[in-house]
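# Give me a model of this one.
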Amino acid sequence: MSNILEVNNVVKKYGDYVALNEVSLTVPKGSIYGLLGPNGAGKTSLIRIINQITMPDSGEIILDGEKLSPKHIQYIGYLPEERGLYKTMKVGEQCLYLAQMKGLSKAEAKKQLEYWFERLEIQGWWNKKIQELSKGMAQKVQFVVCVLHKPKLLIFDEPFSGFDPVNANVIKQEILELQKQGSTIIFSTHRMESVEELCDHIALIHKSNKLIEGRLDEVKRKFRTNSFEVGILSDNVEGLMYDLTQKFKVAQTNFKSLNNEIKLEVQLGNAMPNELLNLLTQRGQVTHFMEKIPSVTDIFIQAVSEK
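Numbers count the residues shown, from 1 in each chain. Predicted coordinates:
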């Protein structure tokens, strides 16, 4: 898989403050790429550089094989966290104006806007002023402006903030559909559940440095602890616990279940899962047996706390 975006050793300083410290990233074509990090980590500075709102002090950005230049603005769609629509303009004329700024003809812009307004069921908003819309409604309009010129790269900064669960899900489905159609999406967020649902690649930036980057499943493999959640019904709990603690590291845990079983987290170390399962089946009825896969939240907390 080739890369739509390469960030090579980018440095950005504001006076004595280093916002980005030789950060390098590669965003594969067709991916949904989660850009993660606490507030002040450097995510917004990087996004602003990719959008050419500000320039790096050193390093370079490559977009689809070419060094980033002003002509590439039309190939990028950007949904900033701080939405920027003109409040007194009507929705329709504002969308037409912004679409033409992105290089669409008026006729093509109108065609794309009709498609998106119908798709998101906002046809009745054309003659409304932005100031008449709720925050969630205005965000739908900004989403349309971001995607209607069919950019190669879409950058969404906290795209779900301000949306109720129903509309957040609508936008989520549209993001997945855009990926199917060939778009690459950079997705900057604090909402880890959205990363789990949408992203196939992630990078974690913390204190101006990149700590982690890779396919989400590979990153999870790297952080796995070979631990299993176990549920078991046993008549001899004392014997069970004695056998388990002779071989494994054992702790109590909790998970949703319909049984009143003993719930344990067992760390296998170098042992194989079958060794644990064989021991359990000799001591009772196994009702739950599942590897504890680290969540993005677990990975985020562990990586940040180690630095």
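# Tell me which helix or strand comes right after the biggest helix by length in the chain.
With secondary structure taken from DSSP state H, the chain has its longest helix at helix 165-180. Going down the chain from helix 165-180, the next helix or strand is strand 184-188, by DSSP states H and E.
# Residues in contact with that following strand: which ones?
Contacts of strand 184-188 with the rest of the structure, by CB atoms under 8 Å, 6 or more residues apart in numbering, involve 4-5, 27-36, 43-44, 47, 50, 81, 152-159, 175, 178-179, 194-195, 198-199. (C-beta placed from N, C-alpha, C; glycine too.)
# Give me the mean pLDDT for that strand.
Averaging pLDDT along strand 184-188 yields 95.
# swap in stretch 51-62?
Mean pLDDT, taken over the full extent of stretch 51-62, equals 95.
# Mind listing what's buried along that stretch?
51, 56, 59, 61 (16 or more other CB atoms under 10 Å).
# quick one, phi/psi of the last one?
Dihedral pair for Ile61: phi -120, psi 130, per degrees, to the nearest 10.
# Go ahead and confirm it touches Asn3.
No - in this structure, Ile61 is not within contact of Asn3 by CB atoms under 8 Å, at 11.5 Å.
# hmm, back to that, give the buried residues for the longest helix of the chain.
Quick answer for helix 165-180 (16+ other CB under 10 Å): 167-168, 170-172, 174-175, 178-179.
# Report the inter-axis angle for that helix versus strand 184-188.
Helix 165-180 runs at 140 degrees relative to strand 184-188, counting by axes from the mean of the first three to the mean of the last three CA atoms, to 10 degrees.
# Begin at 54 from now on, thanks
Shifting the count to begin at 54 puts that one at helix 218-233.
# where along this protein do the helices fall?
96-103, 144-154, 159-172, 188-200, 218-233, 245-251, 269-276, 290-300, 326-336, 349-359.
# His341: which of the buried residues of helix 218-233 is nearest?
Nearest to His341 among these, counting by CB to CB, is Lys225 at 29.8 Å.
# about what we covered before: for the buried residues of helix 218-233, work out which two are farthest apart.
Spanning the widest gap among the buried residues of helix 218-233 are Asn220 and Gln232, at 19.1 Å by CB to CB.
# Kindly state the domain boundaries assigned to this structure.
Domain segmentation of the chain under automatic domain parsing yields 56-274, 279-344.
# Out of these, which gets nearest to Ile354?
Using CB to CB, those put domain 56-274 closest to Ile354, at 9.7 Å.
# Straight-line length of the closest one, end to end?
Domain 56-274 has an end-to-end distance of 23 Å (criterion: CA to CA, to the nearest Å).
# likewise stretch 277-292?
Terminal-residue distance, stretch 277-292 (CA to CA): 29 Å.
# One more: stretch 138-146?
End-to-end distance for stretch 138-146: 12 Å, by CA to CA.
# out of the buried residues of stretch 104-115, what pair is the most spread apart?
Asn104 and Gly112 (15.6 Å).
# Bridging across strands, which residues link to Ala256?
Leu88, Glu266 (DSSP bridges).
# In contact with it, which residues are there?
Contacts of Ala256 by CB under 8 Å, 6+ apart are 78, 86-89, 263, 265-266.
# again, only using 7 Å
Residues counted as contacts of Ala256 (CB atoms under 7 Å, 6 or more residues apart in numbering) are 78, 88-89, 263, 265-266.
# got it, and Lys182?
Counting by CB under 7 Å, 6+ apart, Lys182 has contacts 140-143.
# repeat that for 10 Å
When contacts are counted by CB atoms under 10 Å, 6 or more residues apart in numbering, Lys182 touches 138-144, 147.
# As a markdown table, these with distance to Ile315 and pLDDT would be great.
Below are these laid out as a markdown table (distance: CB to CB, whole Å; pLDDT from 0 to 100):
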| residue | distance to Ile315 | pLDDT |
| --- | --- | --- |
| Leu138 | 56 | 81 |
| Tyr139 | 62 | 81 |
| Lys140 | 59 | 83 |
| Thr141 | 64 | 86 |
| Met142 | 63 | 88 |
| Lys143 | 64 | 91 |
| Val144 | 59 | 91 |
| Gln147 | 61 | 90 |
